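> what follows is a predicted protein model with its sequence.
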Amino acid sequence: MEDLSGLKRKVEQYKEILENTEAYRKVWNASFRDEIINSLETMIKEIGLDAEVEIKKDLLNLEAIVCSLGQGKSGIYQKVNDELKRPLIKAKGSLVYQQLFNGKIIVLIIYPTIENYGEPQPPKTIAIYRPEEIKEPFFVRHMEEFMKEVTKWEDYDDDDNQPAKRIGFRMDVPEAE
């Protein structure tokens, strides 16, 4: 039979990955979930952010910790008739720490949305971590990135767009004035 040493290494690596998944899940359940919650709750209290931390635990080993800015009136109203108008609800955005199928943690930003207004922006992935990789300073960086993104969403305009680039093979020729 052919040399199976390469295949044997792949099988050993596969088994190691499966063991890691179990270890990551144990860490999440034993302490890491609570560390994330405590860090987020402490941070939002210290910075005076109106947010709520909740656990989504519908699926075991796929739990999520959601730091949500909540929901409220968007300031936009749907005209029902000449006398009635209904406010459109705005979900204000969330920072999410969720277990993946392999026990690692994905950190996501869920952008604000207004019901019945445009297409929701897809979530932004900040990173995927092994539980031991996330340290206290990471939570601050994640929250900073989250606040930057939701602020940019709230202050949307086209000022960030660059002027159209010139197209052509003679880019060294100055533009006519």
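Yep, that arrived. Residues are numbered from 1 along each chain as shown.
> and Lys15, that's in a strand?
No. Membership of Lys15 in a strand is not supported by DSSP: H, G, I helix; E, B strand; the rest coil, which gives helix.
> low-scoring stretches of this protein, by residue?
Flagging of the chain using pLDDT under 70 yields the residue ranges 1, 158-177.
> the strands in it, which residues?
With DSSP state E as the criterion, the chain has strands at 52-56, 64-68, 71-79, 85-91, 94-99, 105-110, 113-114, 124-129.
> so how far is the fourth one off the chain centroid?
Averaging C-alpha coordinates over strand 85-91 and over its chain gives two centres that are 24 Å apart (CA atoms, centre = their mean, to the nearest Å).
> please export the C-alpha coordinates of that strand as PDB.
Extracted as PDB, the C-alpha positions of strand 85-91 are listed here (Å, rounded to 0.1, in the frame of the first residue of the first chain):
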ATOM      1  CA  LYS A  85     -50.200  58.200  10.600                       C
ATOM      2  CA  ARG A  86     -48.200  55.200  11.900                       C
ATOM      3  CA  PRO A  87     -44.600  55.600  13.100                       C
ATOM      4  CA  LEU A  88     -42.000  53.400  11.400                       C
ATOM      5  CA  ILE A  89     -39.900  51.500  13.900                       C
ATOM      6  CA  LYS A  90     -36.100  51.800  13.900                       C
ATOM      7  CA  ALA A  91     -33.800  49.100  15.200                       C
END
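> quick check: buried residues in it?
Neighbour counts over strand 85-91 (16 or more other CB atoms under 10 Å) mark 90-91 as buried. The way it works is simple: take the backbone N, C-alpha and C, and place the C-beta from them, glycine included.
> relative to strand 105-110, how tilted is it?
In terms of direction (axes from the mean of the first three to the mean of the last three CA atoms, to 10 degrees), strand 85-91 departs from strand 105-110 by 150 degrees.
> what pairs with strand 85-91, parallel or antiparallel?
strand 71-79 (antiparallel), strand 113-114 (antiparallel) (DSSP bridges).
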